[in-house]
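[1] Using only what follows, build the 3D model:
(one chain, ligands or ions: 1)
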Amino acid sequence: MKQSVKLVVGNWKMHGLSGALDQASSLSRALVIDAGAIRVGLCPPATLIDRMRGVLKGGPVELGGQDCHAQPQGAFTGSVSAEMLADAGARLVILGHSERRTAFGETDRDVAEKVEAAVAAGLEPIVCVGESLAQRERGDAVAIVTAQVAASLPDSLTERPFAVAYEPIWAIGTGLTPTLEQIAEMHAAIRSAVVERLGQGAGRAPILYGGSVKPDNARAILSTPEVGGALVGGASLQAEDFLAVIRAA
Ligand SMILES: O=C[C@H](O)COP(=O)(O)O
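    Residues are numbered from 1 along each chain as shown. The predicted model follows:
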């Protein structure tokens, strides 16, 4: 299925003090987009969301969080709820990133619960899936990723906007990327898994690719069949690089 509106989202991860707002400001000022063709998002650390809202005000860049707690409030020291992200100005939220699945032990069930919370707070979740290098080398990549899709997407997404991001773990921050054929194969498999899980209506959800997307490979990746956008880590930290990726889309 061809996607009409690409979604390109920058994930700053745990990078960015207040000085980094200059990069968001440069991006917002330089960016001219056709809203019918592309959406652009930035997911800074939670500490910057509210201030970045001011910097991005009136511009085309949407704000997002990088994670949320599954509960709306409570005694969960150090956590941020989906409602808090929305209150700070976020519209999007990345959930189930492999760094959270690996370093924080998040399971598909945890991710699905967070997605429920995000939807309840009016956020648009970007649900991340992806295989390890060992899983790909064993020939298990498609089975692993489609199982993650089936278990991480709750029923509540049937009528709500969301995106899936395919991020092979071995491509994140490494400079390595799958071949375009591997990306196309996986995105088609994810599309089928989404439709099987949530029905035809959900088949319009964009499927982003993430993992070492850079200005020099963005055009090829973003024109690969079934690639509905990109989730960009390192290359989103500098406005100039992120702009180059967005322009490639
Ligand atoms: O969320 C973004 C991904 O983990 C990709 O990161 P990267 O572009 O630095 O490889």
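
[2] beta partners for the residue sitting nearest the centre point of the chain?
    Here the mean C-alpha position of the chain is nearest to the C-alpha of Ile126 (CA atoms, centre = their mean), at a distance of 4.4 Å. On the basis of DSSP bridges, Ile126 is bridged to Ile94, Ala163.

[3] what residues are up against it?
    The neighbourhood of Ile126, defined by CB atoms under 8 Å, 6 or more residues apart in numbering, consists of 7, 9, 64, 92-95, 162-165, 208, 231. Placement of C-beta: from N, CA and C, glycine included.

[4] Save the residues you listed as CSV, and put in neighbour count and pLDDT too.
    Listed next are those as CSV, based on neighbours: other CB atoms under 10 Å; pLDDT from 0 to 100:
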residue, neighbour count, pLDDT
Leu7, 25, 98
Val9, 24, 98
Gly64, 24, 98
Leu92, 25, 98
Val93, 27, 99
Ile94, 26, 99
Leu95, 29, 98
Phe162, 24, 98
Ala163, 22, 98
Val164, 29, 98
Ala165, 28, 98
Leu208, 27, 98
Leu231, 27, 98
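
[5] can you narrow these to ones near the ligand?
    Counting by CB under 6 Å from any ligand atom, Leu231 from these sit close to the ligand.

[6] With distance to Leu153 added, can I get the contacts of Ile126 in a markdown table?
    As requested, these are arranged in a markdown table below (distance: CB to CB, whole Å):
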| residue | distance to Leu153 |
| --- | --- |
| Leu7 | 17 |
| Val9 | 18 |
| Gly64 | 18 |
| Leu92 | 16 |
| Val93 | 14 |
| Ile94 | 15 |
| Leu95 | 10 |
| Phe162 | 8 |
| Ala163 | 11 |
| Val164 | 8 |
| Ala165 | 12 |
| Leu208 | 15 |
| Leu231 | 17 |
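
[7] Can you tell me which of the contacts of Ile126 comes closest to the ligand?
    Nearest to the ligand among these is Leu231, at 4.5 Å by CB to the nearest ligand atom.
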